[in-house]
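# got a sequence here, can you build the structure:
(chains A and B)
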Amino acid sequence: MNLTAFLFRRLWQMIPTLLGVVLLVFLLFNWVGGDPAYVLAGKMANPDDIANIRHQLGVDRPLWEQLLIFVSQIVTGDFGNSWATREPVSEIFRTRLGPSLVLLVPMLVLETLVAIVVALTVAALRGSVLDRTLMVTSTVMMSISLLVYIIVGQYVFASLLGWFPVKGWSDHLWRNLTTYAVLPILLGLMVSVAPSVRLYRTFILDEVGQDYVRTARAKGLSERRILLVHVLRNAAIPIVTNVLMGLPALLTGAFLLERFFAIPGIGREIIMAVERSDFPIIKAATVYVAMATLLANLLGDLLYRVLDPRVHFE
Amino acid sequence: MLLSVRDLRIDFQVSRNERLSAVNGVSFDVPERTTLALVGESGSGKSVTALSILGLLPKPVAQVASESRILWNDQNILGFDAPRLRALRGKEIGIIFQEPMSSLNPVFSIGTQLMEGLRLHMGLSRRQAQRRALDLLAEVGIPDPGRRLDDYPHQLSGGQQQRVMIAMAISCQPRLLIADEPTTALDVTIQRQILDLIADLQQRHAMAVLFITHDLALVGEIATQVVVMKQGEVREAGSLRQVFDAPRDAYTRALLACRPPLGVRPQRLRVIEDFMGDGQGTATPGVRSRGVSPGDEIVLEVRNLDKDFLIRDGLWHKRPFHAVKGASLRLARGKTVGIVGESGSGKTTLGLTIAGLLGADGGQILFSGLDLRQPGSVDTMALKRRIQIVFQNPYASLNPRFTVGDILTEPLMLHGIGRNAADRSAMARELLGRVGLPRDALQRYPHEFSGGQRQRIAIARCLTVKPEILICDESVSALDVSVQAQVLNLLQDLQDEFQMSYLFISHDLAVVHYMSDQVLVMHDGVVVESGDADEVYAHPQHPYTRRLLLAIPKGV
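Here you go, the predicted structure:
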């Protein structure tokens, strides 16, 4: 099957999945979300105010009508205004997503690179003291809460040593990347690298035990070439899957890091929206993440074709 | 002497305080330009020996004794450092393995993999290496090598993959080629081609070949010198003639005798115990006559059976792949119909469809006069009881979490046989004795048994429900030849005793001939020839049958 047919079929198949997500979000919110009018109107509200607010929000209309509006919002990409702040939802995502990505994209890239390098090293020395030490260290590292890293990190590296600003954000990408985002990225890595190392190590060890590695050795290749060319190329297939699975999460930001480092990211907005039952923002975030997941899957399938000649578009 | 192995001892450190001796004082010589066969069953240490020559054993686990020597041109390979060992590998000594598919890296083209060694050892440029790779592919008989260079391993057939492995192994003009069971995973006609290719290359390149195999019949085809190994020790060594014509060791004699001969059909196959130990063998003289007479009762009749698999084709379409096309057979009570064919011939699919494990797409399966394909015509539970199947892999087909007792009593319970648990367990115990297993095996788990014993368990499981038809799908193919003979004898005894009918599916023509009254030859889903076993083997009518029979290794 050729590429176009494959893409067409996959995009076609996304529609029912997406409809399912939409329906689920809508029903869940209507069943367990509570009435936003009460939240918005505050303690002193009288029934008229509430009815008024309900009318403004459109939650007094029949369910099917609300669902129809929801679907049209998805199609147009306009999710209306936040119920809490009146700010257009599109505006919120436009301005808050940037800072989150400045934080999270370098983190994902670094996490992947560091994890692969460490995993290759420990796989090459498997069973040795270094291997065991690194494995124990990574377990310890991932067992400590991010909060601990943040508090200690801010105190030691920012406040005490003054290597980084304690918190803050600017309007310039480069300045953010080189100054404000550095410490949060490093602290985030402390928690996120270790699980990846452990996972990638097993991927690589799985490959090291394969027959083709024995063949490569029998050809007289160096251990270095065997690992970097033969093994890594095969281990790349599950590694890529793992990285792609992490992509949709970029859209929901990193609440803790954003909060403690005063970064105006999307993570904070989403947490606040959940607290306030701010349905438009939650709807948008859920739909975006669902779409991103489907697209990441599709991207993954395309990448497999590049990485693994055995995979066909089926 | 090109290669001398002296007092090779290899232990495996299985756990902190458990060592397992894999090779125990093995010595042999490989002179220049000769083919030496290292023969033995599983666990004999033959592959471990071969891998140790190139230092390919897993490092901390496999420990070679300090007094052992592997001399290559009088230099001890075991003392080589890593760079010297790498210069030897692929350059002076090439090696090919049993599984060509997994031995090739799946994500690199065969051209890339071929050129890798050439560029490393011969210092060729990309362009030169590519030209040489083309020559090599042509030399090992890959058609249209120019187009094949960019193919990936999975795009080649098993035989072609092994040819590529061979091309890779000989690419740098090695002086020794180690072939570790190179044809075991291949069909018999492909095996014939690969053997011829190795013999031809050995002559042309004036190489020595160390040929490792479990199959003595192959040895006769290719080797001039033979070393027979058992449990890490050399039992016998000598020239081909001497080992085959006048074997000195009892084990060698047993190995030679326990393969079913093609010419005559002994009453029972001879087994290792006939030759070794206290001499309390079970061999009975006499020749078994086979064949079906017109008066025999037919228990199973298959008429024009079709089985398709759907393959996705294009954007929306699915296209049927005809795995079995119009197969017909008649199975008489107490008789055996053998089904032979190479991989992909549809023989297993036919067996599974008859057993009801796959649904048929056309034709009739008449069992005691009832059409099994008519819904509601028969009680399927009762039917399942009467047709049982023994699979190929005794390691994968038994549930590892079940005790042997569970395995044997489960079908009894399912079919409501036996009054209570004690009753059923007594039946199971009796069956264990019948298939030659100790009665205390009931409480043990499958992994505690050898491959042959596990296949006995699988057979006992079938016997629990007293089937009328037993389908043996490559049931002895994964077993060592000595164990194979025992299991075949067991199957034969059971047939004599219970008058069961067998559908005996195998790629092994000698085994099928030994077991069958009638045979079916399958090719690409079609039964190309069928008839009386002796008749088909003596006077094959179809060209494919002739080709198959010609490919059987004849021994000496």
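
# contacts for the worst-scoring helix or strand of chain B on mean pLDDT?
Ranked by mean pLDDT, DSSP states H and E, the weakest helix or strand in chain B is helix B:380-386, scoring a mean of 73. Under the contact criterion C-beta atoms under 8 Å, 6 or more residues apart in numbering or on different chains, helix B:380-386 has outside partners B:356, B:367, B:372, B:411, B:414-415, B:465-469. Backbone N, C-alpha and C define where each C-beta goes, glycine included.

# show me which of these are buried.
B:356, B:367, B:372, B:411, B:465, B:467-469 (16 or more other C-beta atoms under 10 Å in any protein chain shown).

# how near is the closest residue in space to A:Phe70 that isn't next to it in sequence to B:Ser68?
If the residues on either side of it in the chain are set aside, A:Phe70 comes closest to A:Phe26, at 5.8 Å by C-beta to C-beta, 6 or more residues apart in numbering or on different chains. For A:Phe26, the distance to B:Ser68 equals 74 Å [C-beta to C-beta, to the nearest Å].

# and A:Leu247, by the same measure?
54 Å.

# same thing with B:Ile469?
In terms of C-beta to C-beta, B:Ile469 sits 53 Å off from B:Ser68.

# circling back to that earlier point, assign the residue nearest to A:Phe70 to helix, strand or coil.
Under DSSP: H, G, I helix; E, B strand; the rest coil, the three-state class of A:Phe26 is helix.

# flag the shaky bits of chain B, pLDDT-wise.
B:277-285, B:313-316, B:375-381, B:555-556 (pLDDT under 70).

# tell me which parts of it are close to chain A?
Chain B comes close to chain A at residues B:54, B:56, B:60, B:82, B:86-91, B:94-95, B:97, B:99, B:102-109, B:116-117, B:120-121, B:152, B:154-155, B:165, B:168, B:312, B:314-315, as judged by C-beta under 8 Å from any C-beta of the partner chain.

# buried only: go through those residues for me.
Buried among these by 16+ other C-beta under 10 Å: B:54, B:56, B:86, B:88-91, B:94-95, B:97, B:99, B:102-109, B:116-117, B:120-121, B:152, B:165, B:168.

# among those residues, which are in strands?
Among those, the ones falling in strands (DSSP state E) are B:94-95.

# the buried ones among the residues of chain B next to chain A in helices, which ones?
Among those, DSSP state H puts B:86, B:88, B:102-103, B:116-117, B:120-121, B:165, B:168 in helices.

# C-alpha coordinates for the least confident helix or strand of chain B, CSV please?
As requested, the backbone C-alpha atoms of helix B:380-386 are provided in CSV (Å, rounded to 0.1, in the frame of the first residue of the first chain):
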residue,chain,number,x,y,z
THR,B,380,-18.6,-30.2,18.7
MET,B,381,-17.5,-31.1,22.2
ALA,B,382,-17.9,-34.8,21.5
LEU,B,383,-16.1,-34.3,18.2
LYS,B,384,-13.1,-32.5,19.8
ARG,B,385,-12.7,-35.5,22.0
ARG,B,386,-12.4,-37.8,19.1
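
# quick one: buried residues of that helix?
B:383-386.

# can the residues you listed go into a markdown table with extra columns for distance to B:Arg127?
Compiled in a markdown table, these are given as follows (distance: C-beta to C-beta, whole Å):
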| residue | distance to B:Arg127 |
| --- | --- |
| B:Leu383 | 65 |
| B:Lys384 | 63 |
| B:Arg385 | 67 |
| B:Arg386 | 67 |
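
# which residues of chain A lie near chain B?
So chain A meets chain B at A:1, A:5, A:8-9, A:127, A:210-212, A:214-223, A:230, A:233-234, A:237, A:307-310, A:314 (C-beta under 8 Å from any C-beta).

# please redo it, this time with the cut-off set to 6 Å
Within chain A, the residues that sit near chain B (C-beta under 6 Å from any C-beta of the partner chain) are A:5, A:211-212, A:214-215, A:217-220, A:230, A:233-234, A:308-310, A:314.

# list just the nearest of the residues you listed to B:Ser475.
Nearest to B:Ser475 among the residues of chain A next to chain B is A:Asp211, at 26.2 Å by C-beta to C-beta.
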